[in-house]
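> fold the following and give me the result.
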Amino acid sequence: MRTRVVTIESGPPCSRTFGAGDAVVVVDVIRATTTAITGVALGRRVFPAPSLAAARAVAAELCDPLLVGEHDGARATGCTLTNSPAQLAQRSDRRRPMVLISSSGTPLLHEVRHAGAVFLACLRNARATARALAARHDRITLIGAATHGAFREEDQLCCARIAESLLTAGFTVGDEQTRAVVDRWSGAPPEALLTSASVAYLRATDQLADLEFILRHVDDLSTAFALARGEVVVLPTVAPHTQLAVRGGH
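Numbers count the residues shown, from 1 in each chain. As a prediction, this is how the structure comes out:
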């Protein structure tokens, strides 16, 4: 009998090494995966990098790149703008490829890069990601990008939405933590993330435009996004062979 399992955890660091049989989904709602997905959705090429040095090396191979990123929440040295989906959406230079760095989301993408498949997800494409995963994979790990070691509420919410859809499609939970996260956030609206320390930081640093952007763009994208040879790409749409439901979605 076919075994289909979904597990939720946080990192970096990850609790285990992933191989060819694993599909890993990196979630960093505030803000790295939201920024990366927004860039690609707008037609921009996007290359996540684990550090500023790595970002500069990638940028050196690109034509007129845009360096975007943050360190400890603030714009990183040498970057044109911080890790901001709202600021990125306002730019008109979409022909320029973007190299993205962040404190936890892009290092996490680097850490899991050897998995069989690496997806990026945020609240913009939780439903689409669940659909793509169910159509393609049997062993799935959803990883929330830990901030100072904490699994933040916004990432728990997004992971839970994807996992709950997979459970509806016939997957089983991989462990008790996964069940606890799904149960805690089942049916929760996007505004439930407002209790997060990440939100408190955005308020304290006058970066509420990103919070507003995130809450205005929930399941507005119908495509999944994956990491392919260091670049974030749109996955071809696969017709669902089962109905998926995202509690609290539109």
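
> so which elements touch the longest helix anywhere in the chain?
Ranked by number of residues, the top helix in the chain under DSSP state H is helix 153-168. On a contact count with 3 or more Cβ pairs under 8 Å, 6 or more residues apart in numbering; DSSP states H and E, helix 153-168 meets strand 5-11, strand 23-27, helix 126-136, strand 139-145, helix 176-185, helix 197-204. (Glycine included, C-beta is placed from N, CA and C.)

> most tightly packed of the ones you listed?
Mean neighbours per residue, mean count of other Cβ atoms under 10 Å, is largest over these for strand 23-27, with a mean of 29.

> now the helices and strands packed on helix 153-168 as a markdown table including mean pLDDT and distance to residue 155?
What follows is the helices and strands packed on helix 153-168, written out as a markdown table (pLDDT from 0 to 100; distance: least, Cβ to Cβ, whole Å):
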| stretch | mean pLDDT | distance to residue 155 |
| --- | --- | --- |
| strand 5-11 | 97 | 7 |
| strand 23-27 | 98 | 5 |
| helix 126-136 | 97 | 11 |
| strand 139-145 | 98 | 3 |
| helix 176-185 | 98 | 10 |
| helix 197-204 | 96 | 9 |
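
> could you export these as CSV, including distance to residue 68?
Shown next, in CSV, are the helices and strands packed on helix 153-168 (distance: least, Cβ to Cβ, whole Å):
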stretch, distance to residue 68
strand 5-11, 22
strand 23-27, 17
helix 126-136, 22
strand 139-145, 16
helix 176-185, 29
helix 197-204, 17
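
> nearest to residue 222, out of the ones you listed?
Among the helices and strands packed on helix 153-168, helix 126-136 comes nearest to residue 222, with 5.2 Å by Cβ to Cβ.

> and the closest one, how far out from the chain middle?
Relative to the mean C-alpha coordinate of its chain, helix 126-136 is positioned 13 Å out (Cα atoms, centre = their mean, to the nearest Å).

> helices or strands next to it in the packing?
Using 3+ Cβ pairs under 8 Å, 6+ apart, helix 126-136 sits against strand 23-27, strand 117-121, helix 153-168.

> where does the prediction get shaky in this structure?
1, 238-250 (pLDDT under 70).

> excluding its backbone neighbours, what's nearest residue 195?
Nearest non-adjacent residue to residue 195, counting by Cβ to Cβ, 6 or more residues apart in numbering: residue 153, 5.6 Å away.
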